[in-house]
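Asks: Predicted model and sequence follow; I will ask about them next.
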2 protein chains.
Amino acid sequence: MDVSAKKSKSSLKQGLIDCDFHQTLKSFDDLKPYMPRVWWPRLSEPEATLPITIFKPVPLSRRDASPGNGLPPGSDPEYAKVDALDRYNISKAVLTGSLLTVSAHNNPDYAAAVASAFNDYTLDHWIPTDDRFLASILVATQDPILAAKEIDRLGSHPKVVQVICTVSSREPFGQRRFYPIYEACVRNNLVLALHGGGEGDGINPPISAVGTPTTNFERHNILAIHHMSQLNSIVCEGVFETFPTLKVVFVEGGLAWVPHLMWRMDKNFKGMRNEVPWLKKKPSEYIIEHCRFTTQPIEEPNNEELIQMFRMMRAEKTVMFATDYPHWDNDTPTFVLNKLPEDLRRRVAYENAAELYQLNSKPLVKEGGPL
Amino acid sequence: MDVSAKKSKSSLKQGLIDCDFHQTLKSFDDLKPYMPRVWWPRLSEPEATLPITIFKPVPLSRRDASPGNGLPPGSDPEYAKVDALDRYNISKAVLTGSLLTVSAHNNPDYAAAVASAFNDYTLDHWIPTDDRFLASILVATQDPILAAKEIDRLGSHPKVVQVICTVSSREPFGQRRFYPIYEACVRNNLVLALHGGGEGDGINPPISAVGTPTTNFERHNILAIHHMSQLNSIVCEGVFETFPTLKVVFVEGGLAWVPHLMWRMDKNFKGMRNEVPWLKKKPSEYIIEHCRFTTQPIEEPNNEELIQMFRMMRAEKTVMFATDYPHWDNDTPTFVLNKLPEDLRRRVAYENAAELYQLNSKPLVKEGGPL
């Protein structure tokens, strides 16, 4: 782990923060130095490494994002810096990683080991290469206790700003068995990011609410229902009352479903609040205070409608820019930000993320950590 | 079956059409005259009659909608007429029935028998009592061939305007095994209504996309994901290319999710249309042409936001008024319609429904039917 660049977290007054920038391995062999040998055979058998989705877009990533020599897009920090950070003038990029489907694996010990090794690889091979990279800690959610241990192991690293896992799961994230993850996020002053991936894979239920869709087109259209289900569960169960400093980012789920869900929850709260006496305010208030949503893949109505939708969801507080580099459908900053009026553009481009990740105020070295 | 009131379907130029008006049985014994004796024992055992949801709101219906004598709300047409049709000056009420969870039952033969008996009961005991009632044919979707037979059995009754089933299912409705239902709808010139109910019950998958929620509040907030999943499937699979005259109404699923899904589908269509070469136009165009959405339970943002949302979803074509009488959360006409500007109010209150159900132009007696 390199901590020399820790000062870079302060003094960000303006710029462009990319909240979804994917780094990956050159090959699964990269994990071996960080993993017990008992798991190594799985790393050499692609079909045994992680749950495989038959819906995966082919290719998943932009071919032109490959650093060459047949290496995967997003596997070389030097290439990614030139190809994305420099090209788009990105001030900070929150690395959201890959291998997110560890949470869909049947074996929670193996899943935790993969996540842990991937985190070490990121902190060793990506974070030291550039001051602009910030790290997420990947966790597998099958065993929240193991996930919490991983968060405690790395959470005080000064370049780690959040914990990340898939938005998909077998059980809704508001339920109490997941609380160790939230406790660890709060204890380490880290944001929790729920990122698309793993829907219908491995141990997870079908992708749509009514079974398995037919095409990747159909699948991709409906992915937001996982974000909706988790957001709803987390708010309804009172997670933000139990953990009042917790912030949750919904990554790669789109945006325009948020007003619907806020209104639906607020309406039903009037009639059914007796079931959730722990909620002290309207569900939408928890959402606006505690939840953030990244732009990619942004919906594409006309600009007037998009801005109306942004206003409805209080985008000046809740929306943060993301490219999803180097995936096939990544957005460029101009494509997204040119749609917005100046006041929203500034908030979405960097202010909301700078505030969320405390890039101006976070202690440079936290107490009690391993450093 | 009474057909004396068939002329009432014509000449509706204005008024108020309620697209979700629930009638029910006085008791399951009401079904016996219409069902083979082999199924009678099930009707006397409440826990064996239909899949039971532990999430059901208690009570499901307004207590003041009971006709008295301990009878269920919505079980007496004479009381319902005074309590709702007269009180709210409703010109036509599309009966959407009850027992919708037949589609979640494990036994498709029993499910079809219950649906069929309920249809006969409705046509005998409700439709003849008032010119304002229009009927839906309840079908169970486990066996689409049986469902199609039921549609053909009753579809030419002059007061039958649509087929109805739950929006929940094990498999997405765009898939080809459901085509017999669409063929029968088209053959009988009937609309298809997908109505909330049965989510997570019986043979159906969990209610949310990530497992079973904890409270009915949480469940109710997220029910739209079933509507979203089915709409997405039906459009993506090209059902509206195969059945160009088919119209589908999404009942009791809310409205404000529609713009999100339209935009998401249109965006992805640009990148993934090679997977759905049968689609000849943008997904949103199919939705606006073929799909309708009923107002109850309407979202409750401020009026400006609601009207913006209505414009985004082309409500002047796609939205129809509904009370959901006599359920606990039913809407009144003034509560909904007073929110809308005059041009939208007229379309939502009756014009869209009058056009959809062909109340001015439908042949009074169709050829080839049993009458």
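Replies: Yep, that arrived.
Asks: nearest spatial neighbour of A:Asn330, skipping sequence neighbours?
Replies: A:Asp324 (4.4 Å; CB to CB, 6 or more residues apart in numbering or on different chains). No exception for glycine: its C-beta is placed from N, CA and C like everyone else's.
Asks: so who does that neighbour touch?
Replies: If you count contacts by CB atoms under 8 Å, 6 or more residues apart in numbering or on different chains, A:Asp324 has them with A:20-22, A:252, A:296-297, A:330-331.
Asks: swap in A:Thr129?
Replies: Residues near A:Thr129 by CB under 8 Å, 6+ apart: A:77-78, A:81.
Asks: Can I have the buried ones of these as a ChimeraX selection?
Replies: Those of the contacts of A:Thr129 that count as buried under 16 or more other CB atoms under 10 Å in any protein chain shown are selected in ChimeraX with:
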select /A:77,81
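Asks: ok, for the residue in the stretch 51-200 of chain A positioned nearest to chain B, nearest residue in space, not its chain neighbours?
Replies: Using CB to the nearest CB, the closest approach of the stretch 51-200 of chain A to chain B is made by A:Glu171 at 4.3 Å. Spatial nearest neighbour of A:Glu171, chain neighbours left out: B:Gly211 (4.3 Å); criterion: CB to CB, 6+ apart.
Asks: Read off the pLDDT value for the one you found.
Replies: Turning to B:Gly211, the model gives it a pLDDT of 96.
Asks: Report how many residues lie close to A:Asp18.
Replies: Other residues lying near A:Asp18 total 32 when counted by other CB atoms under 10 Å in any protein chain shown.
Asks: Assign a three-state SS to it, would you?
Replies: strand (DSSP: H, G, I helix; E, B strand; the rest coil).
Asks: So which residues make contact with the longest helix anywhere in chain A?
Replies: Using DSSP state H to define each element, chain A has its longest helix at helix A:108-125. Residues outside helix A:108-125 that contact it (CB under 8 Å, 6+ apart): A:1-2, A:23, A:25, A:30-36, A:39, A:42, A:49-50, A:77, A:95, A:97-99, A:102-103, A:105, A:135, A:137-140, A:142-143, A:146-147, A:150, A:153-154, A:157, A:159-160.
Asks: Can you pull the residues of the stretch 251-371 of chain A lying near chain B?
Replies: Within the stretch 251-371 of chain A, the residues that sit near chain B (CB under 8 Å from any CB of the partner chain) are A:254, A:256-257, A:259-261, A:263-269, A:271-273, A:275-276, A:283, A:297, A:299-301, A:305, A:308-309, A:312, A:328-329.
Asks: tell me the contacts of A:Arg63?
Replies: By CB under 8 Å, 6+ apart, the residues touching A:Arg63 are A:Pro73.
Asks: Please tell me how far it sits from A:Leu246.
Replies: 39 Å (CB to CB, to the nearest Å).
Asks: from the contacts of A:Thr129, which is closest to A:Ala184?
Replies: Using CB to CB, A:Pro77 is the member of those that lies nearest A:Ala184, at 27.2 Å.
Asks: which two from the contacts of A:Asp324 end up farthest apart in space?
Replies: Top of the distance list for the contacts of A:Asp324 (CB to CB): A:Phe21 and A:Pro297, 14.7 Å.
Asks: Comparing the two, which residue is more hemmed in?
Replies: Shown here are A:Phe21 and A:Pro297; by other CB under 10 Å, A:Phe21 has more neighbours (28 against 24).
Asks: Quick check: that one vs B:Gly271, distance?
Replies: Distance, A:Phe21 to B:Gly271, by CB to CB: 20 Å.
Asks: again, but for A:Gly197
Replies: Distance, A:Gly197 to B:Gly271, by CB to CB: 18 Å.
Asks: okay, the two: which has more neighbours?
Replies: A:Gly197 (25 against 14).
Asks: Would you double-check that the more buried one falls in a helix?
Replies: No. Using three-state DSSP, the assignment for A:Gly197 is coil, not a helix.
Asks: Quick check: phi and psi on it?
Replies: phi 140, psi 150 (degrees, to the nearest 10).
Asks: Ignoring the adjacent residues along the chain, who's closest to it?
Replies: Spatially, and ignoring its direct neighbours in sequence, A:Gly197 is nearest to A:Leu100 (4.1 Å; CB to CB, 6+ apart).
Asks: wait, what's in contact with that neighbour?
Replies: By CB under 8 Å, 6+ apart, the contact set of A:Leu100 is A:138, A:164-166, A:195, A:197-198.
Asks: who wins for neighbours among those?
Replies: When neighbours are counted by other CB under 10 Å, A:Leu138 leads the contacts of A:Leu100 with 31 neighbours.
Asks: For that residue, give its distance to B:Leu279.
Replies: For A:Leu138, the distance to B:Leu279 (CB to CB) stands at 37 Å.
Asks: okay, the longest helix of chain A in PDB with CA atoms only?
Replies: The C-alpha trace of helix A:108-125 is given here as PDB (Å, rounded to 0.1, in the frame of the first residue of the first chain):
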ATOM      1  CA  PRO A 108     -18.800 -17.300   1.000                       C
ATOM      2  CA  ASP A 109     -15.200 -18.100   2.100                       C
ATOM      3  CA  TYR A 110     -13.900 -18.300  -1.500                       C
ATOM      4  CA  ALA A 111     -15.900 -15.100  -2.300                       C
ATOM      5  CA  ALA A 112     -14.400 -13.200   0.600                       C
ATOM      6  CA  ALA A 113     -10.900 -14.400  -0.400                       C
ATOM      7  CA  VAL A 114     -11.300 -13.200  -4.000                       C
ATOM      8  CA  ALA A 115     -12.600  -9.800  -2.800                       C
ATOM      9  CA  SER A 116      -9.800  -9.400  -0.300                       C
ATOM     10  CA  ALA A 117      -7.100 -10.300  -2.900                       C
ATOM     11  CA  PHE A 118      -8.500  -8.000  -5.400                       C
ATOM     12  CA  ASN A 119      -8.400  -5.200  -2.900                       C
ATOM     13  CA  ASP A 120      -4.800  -5.800  -2.100                       C
ATOM     14  CA  TYR A 121      -4.000  -5.900  -5.800                       C
ATOM     15  CA  THR A 122      -5.800  -2.500  -6.300                       C
ATOM     16  CA  LEU A 123      -4.000  -0.900  -3.500                       C
ATOM     17  CA  ASP A 124      -0.600  -2.200  -4.600                       C
ATOM     18  CA  HIS A 125      -0.900  -1.900  -8.400                       C
END
